[in-house]
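Asker: dropping the sequence and predicted coords here.
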Amino acid sequence: MESVSELTDEVAAIGAQLFRVRFPFVGEARRYSWAKCQADLIAAATLSLVSIPQAIGFALILGLPPMPVVTSVVVGGFVGSLFFSSRHHVFGPTNSISIIVAATLATHAASGLTPLQLAVYLSLLIGIIQLVAGLFNFGELTKFISRSVVISYSTGIGILLIVGQLHNGLGMESTNGASFREWLWHAAESVGTGTFNPWALGIAVLTLAIFEGVRRVRPRWPEALIGLSAMGIGARLYSAFAGHPPFRLILDEGALTAEVPMFSGWRFGHQHLVLLPTLAGTAVAVAILGMLEAASITKSLAAKSGQKLEPNQELIGMGFGNIACALFNAVPGSSSFTRSAVNYQSGARTQLASMFSSGIVLVVLLFITPIFNYIPVAALAAHLIRVGVRMINWPHIRVAIRSTRSDAVVFFVTLVACLVLKLDTAIYVGIGISLILFLQKSATPILVEYTFNESGNLAELTPEGKRPNPEISIIHVEGELFFGAADLFQSQVRLQAEDENIRVFILRMKNARHLDATTVLALEQLHDYLRDTGRHLLISGSNAEVTGVLRNSGLLRQIGEENIFPAEANPTAATRRALKRATELLPEQADVRLFYEKLQEPGTRKPEYEI
C-alpha cells in the first residue's frame with residue numbers, strides 16, 4: 001500500500017503542474033518601486049535602440065515590409081513578457097527564425113498565399129505548438145538535447161546569414177530562396193567579373209568601419225543604431241541634392257510606415273488547410289529551436305542574476321507571443337539572445353522593462369521613421385554580416401569539437417546539414433545523431449572479471465593473473481542494461497561461458513542500472529544455458545532497483561532466492577557470500593580462500609582478515 005501511495009503522490013504532483021499558467025510579472029509589480037521603475041526605463045530605452053535596426057534587418061532577410069517585423073517586436077515582446085518567469089527574457093524576431101521562415105516562404109511561393117500570409121500562418125502554428133508544449137511540461141525535455149547541437153546550429157545560422165547577405169553588400173539583385181552554394185557562387189562570380197556595385201561595397205565597408213570605431217571609442221553606445229542612422233541621414237541628404245542614389249534603400253524594399261499595430265484576427269481557409277501537413281514540420285522544428293534558445297538564454301542569464309526559472313513558463317510565454325503575432329499580422333518570433341543580454345546588462349529589474357521597450361519602439365518609429373526608410377540596403381547587410389560573425393562562438397566550438405569524439409561528430413554533421421539541407425531538417429538531423437551516439441555509448445556495458453587478492457579485496461583479474469579457483473568466475477558488470485545493451489551484454493557473458501572449466505558464474509551487478517524486459521530475457525537465457533550444461537549462475541551486489549526487476553519478472557524465483565545476494569553496506573560482503581555459496585555448489589569442496597573483515601578492536605590500526 002505504501003508504494004501505491006507514493007505512486008499516487010507522484011502522479012498528483014505531475015498533474016498539479018499540467019495546464020499551469022502564471023503571470024510572474026504580477027508578483028514583481030506588487031513589490032515595485034520607483035528605483036526599479038527607473039532601472040527598467042533605462043534598460044527599455046537601451047533595448048529599443050538595439051531592437052529597431054535589428055527588426056529592419058530581419059525584414060531584409062525575410063523579403064517582407066518592415067512593419068510586420070516591427071509589430072512582432074512590439075506586440076510579441078509585450079505579450080511574451082506577461083508570462084515569462086525570467087526578468088530579462090526578450091521575445092521577438094531572431095536571426096535563426098528569420099532565416100528558416102525566409103526559406104519556407106521561398107519554398108511555398110506558389111502556394112496561393114502571399115509571403116506575409118504564410119509568415120502569419122507559421123506564427124499561429126508555432127505559437128500553438130509552443131503553448132501546448134508548455135502546458136504539458138515539455139520544457140524540461142530541452143535538457144536531453146546535446147549542447148553541441150545548439151552550438152553547431154548557431155554556427156550554421158551565422159554562416160548562412162553572412163553568405164546570404166553578400167549579394168546585398170555587393171549591390172546585386174536579390175536571390176531570395178537560393179541555396180548556400182548558389183549564394184556563395186553568385187557573390188564569387190560577381191567579384192570575379194567585376195559586375196558588383198562599387199557604391200554598395202563602399203557603403204558596406206564604411207558602415208563596418210563606423211561600427212568598429214564606435215565600439216572602440218564608446219563601447220557602451222549602440223553602435224548599430226548610430227552607424228545605420230548616420231548612413232540613413234547621408235543617403236537622405238544625397239537624395240535631396242542629387243536625386244535617387246545609385247544604390248538600393250530600405251524604401252525600395254518596402255517603406256517603414258509610422259503606424260500603430262492593429263488587431264486583424266485570423267481567417268482560416270482551404271489554402272491554409274492544404275498547407276498544414278507541409279508547414280507543420282517546419283513549425284515543430286522552429287518550436288523546438290525556440291525551446292532550445294529559451295533554455296540556453298534564460299539559464300545563462302539566471303546563472304548571473306541568481307534568479308529561479310520555470311522553463312515551462314518561458315514556453316508558454318513564447319506560445320502566447322507567437323499567437324499574438326498571428327492575430328496582429330506579424331512574423332514569428334523567438335528568444336533573442338542579443339536583446340535579452342542587452343536587457344540584463346542595461347540593469348533591467350523586472351519583466352516590465354521588456355514591456356516598456358515595446359512602447360518606446362512604437363513611439364520612436366512614429367517620430368523618426370523617415371531616417372530608417374533611407375538606410376542603404378548595403379549598410380543593413382553589413383550590420384547583418386557583423387551579427388552573423390558574432391553568432392560564431394569560437395570558444396564554444398573548440399569545446400564542442402575537442403571534448404569527445406561524439407561531440408565532434410554531432411557538431412560537424414549538424415553544421416553540414418545546416419549548409420546543405422533545409423534548416424528545419426537540419427535541427428532534426430542534429431538531435432537524431434546526438435541521440436544515436438548517446439544510446440550507442442549508453443548501450444555498451446563494461447564486463448570485467450574480478451577476483452579477491454591476497455589482502456582480501458576485490459580487484460580486477462589481470463591477463464597474466466589466475467583465479468584462486470579455476471571453476472569460479474566473478475564477472476563485474478557496470479553500466480546501463482536497458483534494451484539497447486541487452487545483446488552486447490548477453491554475447492559478452494556467453495563468451496565467458498564458453499569456458500567449460502568454469503562451473504559457477506557470479507555476476508556482480510552492484511553498478512548495473514536500468515534493467516528492462518529485454519535484459520531480463522537475456523539473463524534468463526544465460527541461466528537456462530548454464531543449467532542445461534550442469535553449471536550455475538549467481539547474482540551478487542544487486543541494488544534495490546535491479547532486485548525489484550528480477551522479482552517482478554519472476555526471474556528471481558527461477559534462479560532461486562538462495563542464489564541472489566542483494567547489496568549490503570559493505571561493498572564486497574554480497575560477493576563474499578556469493579563466493580561461499582559457489583563453493584557449496586561445486587561437486588567437491590574446493591580450496592577457496594574466503595576473506596571477511598573482522599570487527600576492529602579499539603586502538604587497532606589496520607583491519608584483520610580471517611580465512
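Answerer: Arrived safely.
Asker: alpha carbons only for contacts and neighbour counts from here, please
Answerer: Noted.
Asker: return the helix or strand in the protein with minimum mean pLDDT.
Answerer: strand 609-610 (a mean of 36; mean pLDDT, DSSP states H and E).
Asker: now Pro24: how far from Asp407?
Answerer: 37 Å (C-alpha to C-alpha, to the nearest Å).
Asker: ok, which stretches of the stretch 251-400 of the chain are strands?
Answerer: Secondary structure of the stretch 251-400 of the chain (DSSP state E, counting those that start in this stretch): strands at 334-335.
Asker: where in it is pLDDT low?
Answerer: Per-residue confidence of the stretch 251-400 of the chain (counting by pLDDT under 70) places the weak regions at 253-256, 258, 300, 303-304.
Asker: can you pull out the helices in it?
Answerer: Ranges of helices in the stretch 251-400 of the chain, per DSSP state H, counting those that start in this stretch, are 270-305, 311-327, 337-345, 352-373, 377-391, 394-403.
Asker: these: which one's closest to Leu537?
Answerer: The closest approach between Leu537 and any of the helices of the stretch 251-400 of the chain, judged by C-alpha to C-alpha, belongs to helix 394-403 at 40.0 Å.
Asker: list the buried ones in that closest one?
Answerer: Applying a neighbour-count criterion of 16 or more other C-alpha atoms under 10 Å, the buried positions in helix 394-403 are 397, 400-401.
Asker: need the contact partners of the helix or strand in which Gly548 is found.
Answerer: Secondary-structure assignment from DSSP states H and E places Gly548 in helix 544-553. By C-alpha atoms under 8 Å, 6 or more residues apart in numbering, the residues outside helix 544-553 that reach it are 512-517, 520, 556-557, 566-567.
Asker: re the thing from before, deepest-packed of the helices of the stretch 251-400 of the chain, please.
Answerer: The highest mean neighbour count among the helices of the stretch 251-400 of the chain belongs to helix 311-327 (a mean of 29), with neighbours defined as mean count of other C-alpha atoms under 10 Å.
Asker: does Tyr344 really touch Leu301, like I thought?
Answerer: Yes - with the criterion set as C-alpha atoms under 8 Å, Tyr344 and Leu301 qualify as a contacting pair; they are 7.4 Å apart.
Asker: common neighbours of those two, please.
Answerer: Overlap of the contact sets of Tyr344 and Leu301 (by C-alpha under 8 Å, 6+ apart) consists of His88.
Asker: one step back: indicate which one of the helices of the stretch 251-400 of the chain is closest to Met262.
Answerer: helix 311-327 (8.9 Å).
Asker: which helices and strands does the closest one pack with?
Answerer: Taking 3 or more C-alpha pairs under 8 Å, 6 or more residues apart in numbering; DSSP states H and E as the contact definition, the neighbouring helices and strands of helix 311-327 are helix 77-83, helix 115-135, helix 270-305.
Asker: repeat that for 6 Å
Answerer: Secondary-structure packing of helix 311-327 (3 or more C-alpha pairs under 6 Å, 6 or more residues apart in numbering; DSSP states H and E): helix 77-83, helix 115-135.
Asker: on that earlier part again, so for Leu113, which of the helices of the stretch 251-400 of the chain sits nearest?
Answerer: Each of the helices of the stretch 251-400 of the chain has some distance to Leu113 by C-alpha to C-alpha; the shortest is helix 270-305, at 7.4 Å.
Asker: between that closest one and helix 311-327, what angle do the directions make?
Answerer: Regarding helix 270-305 and helix 311-327, their directions subtend 140 degrees when assessed with axes from the mean of the first three to the mean of the last three C-alpha atoms, to 10 degrees.
Asker: between the helices and strands packed on helix 311-327, which one is closest to Pro219.
Answerer: Checking the helices and strands packed on helix 311-327 against Pro219 by C-alpha to C-alpha gives helix 77-83 as the closest, at 26.0 Å.
Asker: so in that sheet, which strands flank the following helix or strand past that closest one, and in what orientation?
Answerer: Using DSSP H and E, the helix or strand that directly follows helix 77-83 along the chain is strand 91-92. Taking DSSP bridges as the criterion, strand 91-92 pairs within the sheet with strand 334-335 (antiparallel).
Asker: pull the distance from the strand it pairs with to the chain's centre.
Answerer: 13 Å (C-alpha atoms, centre = their mean, to the nearest Å).
Asker: and the contacts of it?
Answerer: Residues external to strand 334-335 that are found in contact with it (C-alpha atoms under 6 Å, 6 or more residues apart in numbering): 91-93, 290, 293-294.
Asker: how far away is the residue nearest to Leu62 when sequence neighbours are not counted from Leu64?
Answerer: Distance criterion C-alpha to C-alpha, 6 or more residues apart in numbering; nearest residue to Leu62, sequence neighbours excluded, is Ala102 at 4.7 Å. Distance, Ala102 to Leu64, by C-alpha to C-alpha: 9 Å.
Asker: please identify which of the two sits among more neighbours.
Answerer: The residue with the greater number of neighbours, taking Ala102 and Leu64 and applying other C-alpha atoms under 10 Å, is Ala102; the counts read 22 against 19.
Asker: quick one: buried residues of the strand or helix carrying Arg576?
Answerer: Taking DSSP H and E as the definition, Arg576 sits inside helix 573-585. Along helix 573-585, the positions that meet the burial threshold by neighbour count (16+ other C-alpha under 10 Å) are 573-579, 581-583.
Asker: quick one: contacts for the closest residue to Asn137 other than its chain neighbours?
Answerer: Closest residue to Asn137 apart from its sequence neighbours, by C-alpha to C-alpha, 6+ apart: Asn312 at 5.7 Å. When contacts are counted by C-alpha under 6 Å, 6+ apart, Asn312 is found next to 134, 137, 139.
Asker: those into TSV, with extra columns for neighbour count and distance to Val214?
Answerer: Compiled in TSV, the contacts of Asn312 are given as follows (neighbours: other C-alpha atoms under 10 Å; distance: C-alpha to C-alpha, whole Å):
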residue	neighbour count	distance to Val214
Gly134	26	41
Asn137	22	44
Gly139	23	39
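Asker: can you tell me which of the residues you listed is nearest Lys422?
Answerer: The shortest gap between Lys422 and any of the contacts of Asn312 belongs to Gly139, at 24.7 Å (C-alpha to C-alpha).
Asker: list the contacts of the closest one.
Answerer: With contact set as C-alpha under 6 Å, 6+ apart, Gly139 has these partners: 311-312.
Asker: hmm, 7 Å instead?
Answerer: 133, 291, 311-312, 315 (C-alpha atoms under 7 Å, 6 or more residues apart in numbering).
Asker: from Ser335, how far out is the spatially most central residue of the chain?
Answerer: The centre of the chain sits closest to Leu292, judged by C-alpha atoms, centre = their mean, with a distance of 3.7 Å. Leu292 sits at a distance of 9 Å from Ser335 (criterion: C-alpha to C-alpha).
Asker: and what of Ser85?
Answerer: 13 Å.
Asker: where does the stretch 501-611 of the chain dip in pLDDT?
Answerer: Along the stretch 501-611 of the chain, the model assigns pLDDT under 70 to residues 587-611.
Asker: now with 80, please.
Answerer: For the stretch 501-611 of the chain, the stretches flagged by pLDDT under 80 are 501, 510-515, 518-519, 569-572, 587-611.
Asker: ranges for the helices of it?
Answerer: So, for the stretch 501-611 of the chain - with DSSP H, counting those that start in this stretch - the helices run 517-532, 544-553, 555-559, 573-585.
Asker: of the ones you listed, flag the one that's most buried.
Answerer: Among the helices of the stretch 501-611 of the chain, ranked by average contacts under mean count of other C-alpha under 10 Å, first place goes to helix 573-585 (a mean of 20).
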